[in-house]
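**Q** I'd like to go over a predicted model; first the sequence, then the structure.
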Amino acid sequence: MSKPYRDGLPISPEKFVDQLMRLKRGSIGRREFLGLTGLGIATAVMARELGIMPSPAIAQEGLGDRMSIATWPNYHDPATFENFKAETGVAVEVNVFGSNEEMLAKLQAGASGWSLFVPTNYTISTYKKLDIIEALDMAKLANFDGSQQDQRFTSEGTIDGVIYAVPKNWGTTGFAVNTKKLTKPMTSWKEFWDTAMAEGDGRTMVHDYQLTTIGNALKYFGFSFNSLKPDELAKAEELLLKVKPHLFAVSSDYQPSMRAGDAWMTMCWTNDGAQLHRDIPEIAYVLGKEGGEIWTDFYAIPKDAPNKPAGYALLNYLMDPKVAVKEHLANGAPSTDARVNALLPKEVLDNPILYPAAELLKPLEFGAAATLTDPGRAELMARFKSA
Amino acid sequence: MRSNVLRHHLLTALLLGPATAWLVVFLVLPFVAIAVFSVGERAPEGGYQAAFTLAQYANLPARATAFWNTMVLAPAGALACLLVAYPVAYFLALRAPERWRLILLALVVIPFWTSLLMRTYAWMYVLGGRGIPALLATIGFDDVRLINTPGAVLLGIVYGYLPLMILPIYVSLERLDRRLLEASADLGATPLSTFLGVTLRLSLPGVMTGFSLVMILLLGEYLIPTLLGGGKVFFIGNALVDLFLQSRNWPFGSAIAITLVLVSVVVLIAANRISTRLSGARRVDLI
């Protein structure tokens, strides 16, 4: 589409008034009408979507010119997708989510439009049960080497010997604290919740995510992170309702608030903790000594992926250790792949946020599949949020 | 003669056709789908499973808090919007110099050209720690928190829906017969009683239109409480989003959606009745 070079330039005051007066007289040109009403852009977009005016991309054979990925906030090196586009001609649209439930909901509803997505370990069996993810064709993933993967983190991607998902990275769920604002050292979930109601009043964030918010409230009492027992959940609910009026926000996108200094403490995933600490050293990352979550995020391809060839191509690209290492440096989550670890600088491997001490890792639990579909936990979360 | 009647019918059908097709495809069919979902059951892994039960409706009290919040906050938000909008509309219609009027009106409407999401995000930065609180810190007020407060939500609501309130009031004030104001003054009324007895009274149709427009949109609001309220203020819109996107309880979500539609219709009818009565039995068309 040809565009006059003036499009998008700011309008001068004289021209604005001139145009306004012309509109007042009821005189309007076709181009102006389309521009002012947005119909011009709408038509252009629709023409493109409907394939009437395909964009002239130099696409690689069979990959198309675009695909879409569903993933988590602050989770990739933006350069990765730029480089992928430069190599293959495929533009990657990134959709960001706050919970696995949301991803599952979109896939269940159908026509999500994703050709690749990033589910967490405990959800994969449900996706398989619902028959909405692809058994991966490993021949198309030459860069993946199962023998180099740390088996502690990768088992849930394989069901009955078939690989449905390959790992992106692992991590933990702890909390981040701005130690300039909250000076008392903290080491446990009990302290997290108690501080939220005291010094951290009005400055604490919890995830908008049942698994971790309920799970870490359960840890206050020393129950399992994955508990489905009604009496244990009732105690967690009591705590959550008590804390609710003291919270700053219920949101899984906590980096902006932590960076701006609005929030002083938040539930936090490894990668966000590493990024926050890297940029703002006074923000510390703490693992509750009672335990909590350890997780692996995987890559998987939906059965109804509109562009499977590109999905496979991007996945294979991401499995290349040289690419993956940049992803890990950018997002700050530890790798499951020995080939990647070999390329990571020593200070990253020594970073206790990424690689916590063994005794801190020991009490952590992987999320359990049942929590994802349990209506009891879902309703508890709804009561907490509406309280 | 006959062919004329026929042609007339054909023309009517042609004119109504597109709108009817649009409404059937984008309003009636989805509504029917939601009604069917609402008597179904949640599948074990979430989603919908065919059934015929009223259990979802019986479960409505589980979202009573969300309904209550909405029923309180929607009228309160609309009222706050009205209080800000009326003086602006009054100024625009009756006080602003003729030649400025169009430009001022344009200024009211221009923000609407940007999506509400963008404008609300902008407020997140203005109210967030690097915005106004940072300015306040330079003059000695440390650690002021503006974002994620009820005040921030109210501000977002008033800001977001202001044009929808200003425009109908402006229209009804602009149509006001100035001679009535002069007559009122001639008959000895004070400016205040002229305003209350004539101006306000005659602008009530516009007020009610604006009020119901804003109120109906607020009944389904979820963006502003999420972004400016930190997800702590839970509207029925938020309950709906969670039921579809988090717990994937489509039947329950559908039952709530149907209830919300019914409530909105009741509100609309009530608003129409009230405004008809208040404006002296003049028929008023909403929207």
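**A** Perfect, I can see it now. Numbers count the residues shown, from 1 in each chain, chains lettered A, B, ... in the order given.

**Q** ok, the residue nearest to B:Leu54 when sequence neighbours are not counted - contacts?
**A** Closest residue to B:Leu54 apart from its sequence neighbours, by Cβ to Cβ, 6 or more residues apart in numbering or on different chains: B:Val39 at 6.7 Å. The way it works is simple: take the backbone N, C-alpha and C, and place the C-beta from them, glycine included. Applying Cβ atoms under 8 Å, 6 or more residues apart in numbering or on different chains to B:Val39 gives the contacts B:Ala51, B:Phe52, B:Thr53, B:Leu54, B:Gln56, B:Pro251.

**Q** Just give the nearest non-adjacent residue to A:Val206, would you?
**A** The nearest residue in space to A:Val206 (Cβ to Cβ, 6+ apart) is A:Thr213, at 4.8 Å.

**Q** what secondary structure does that neighbour sit in?
**A** At A:Thr213, secondary structure determined by DSSP: H, G, I helix; E, B strand; the rest coil is helix.

**Q** okay, now it: neighbour count?
**A** 24 (other Cβ atoms under 10 Å in any protein chain shown).

**Q** got a list of what it touches?
**A** A:Val206, A:His207, A:Leu240, A:Val250, A:Met267, A:Met381, A:Phe384.

**Q** Next, count neighbours for residue 221.
**A** Because you didn't say which chain, this covers chain A. With other Cβ under 10 Å as criterion, A:Phe221 counts 15.

**Q** try again with chain B
**A** The number of residues packed near B:Glu221 is 25, by other Cβ under 10 Å.

**Q** so what's it up against?
**A** By Cβ under 8 Å, 6+ apart, B:Glu221 lies in contact with B:Ala74, B:Gly77, B:Ile157, B:Phe235, B:Gly237.

**Q** Quickly find the element holding the first one.
**A** So the one you mean is B:Ala74. Here B:Ala74, judged by DSSP states H and E, is contained in helix B:64-90.

**Q** I'd like the next helix or strand past that helix.
**A** Trace forward from helix B:64-90 with DSSP H and E and the next one is helix B:98-109.

**Q** touching chain A at all, that next one?
**A** Yes: contact of helix B:98-109 with chain A (Cβ under 8 Å from any Cβ of the partner chain) involves B:Leu102, B:Ile103, B:Ala106.

**Q** next one: stretch B:151-162
**A** No: using Cβ under 8 Å from any Cβ, stretch B:151-162 stays clear of chain A, with a minimum separation of 11.0 Å.

**Q** Need the contact partners of that stretch.
**A** B:73, B:76-78, B:80-81, B:84-85, B:88, B:108, B:116, B:119-120, B:123, B:127, B:146, B:213-214, B:217-218, B:221, B:224-225, B:227-229, B:233.

**Q** which other residues reach stretch B:21-34?
**A** With contact meaning Cβ under 8 Å, 6+ apart, stretch B:21-34 is reached by B:Ser254, B:Ala257, B:Ile258, B:Val261.

**Q** Also stretch A:85-94?
**A** Against stretch A:85-94 from outside (Cβ under 8 Å, 6+ apart): A:57-60, A:63-69, A:71, A:76, A:81, A:84, A:307, A:310, A:313-314, A:317.

**Q** repeat for stretch B:74-92
**A** The contact list for stretch B:74-92, computed with Cβ under 8 Å, 6+ apart, reads B:101, B:104-105, B:108, B:154, B:157-158, B:161-162, B:164-167, B:169-170, B:173, B:199, B:203, B:206-207, B:210-211, B:214-215, B:218-219, B:221.

**Q** In ChimeraX, how would I select the buried members of the residues you listed?
**A** Restricted to buried positions by 16 or more other Cβ atoms under 10 Å in any protein chain shown, the ChimeraX selection for these reads:
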select /B:101,105,108,154,157,158,161,162,164,165,166,167,169,170,173,199,203,206,207,210,211,214,215,218,219,221
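
**Q** Pull out the buried residues from the lengthiest helix in chain A.
**A** In chain A, taking DSSP state H as the definition, the longest helix is helix A:230-243. Of the residues in helix A:230-243, A:Glu232, A:Leu233, A:Lys235, A:Ala236, A:Glu237, A:Leu239, A:Leu240, A:Val243 count as buried by neighbour count, 16+ other Cβ under 10 Å.

**Q** List the contacts of the fifth one.
**A** A:Glu237 is in contact with A:Ala217, A:Leu380, A:Arg383, A:Phe384, counting by Cβ under 8 Å, 6+ apart.

**Q** got a pLDDT number for it?
**A** In this model, A:Glu237 is scored at 97, pLDDT.

**Q** Quick check: residues of the stretch 251-387 of chain A near chain B?
**A** Residues of the stretch 251-387 of chain A lying close to chain B by Cβ under 8 Å from any Cβ are A:251, A:256-257, A:260-262, A:373, A:375, A:378-379, A:381-383, A:385-387.

**Q** Could you tell me which of these count as buried?
**A** Buried among those by 16+ other Cβ under 10 Å: A:251, A:256-257, A:260-262, A:373, A:378-379, A:381-383, A:385-386.
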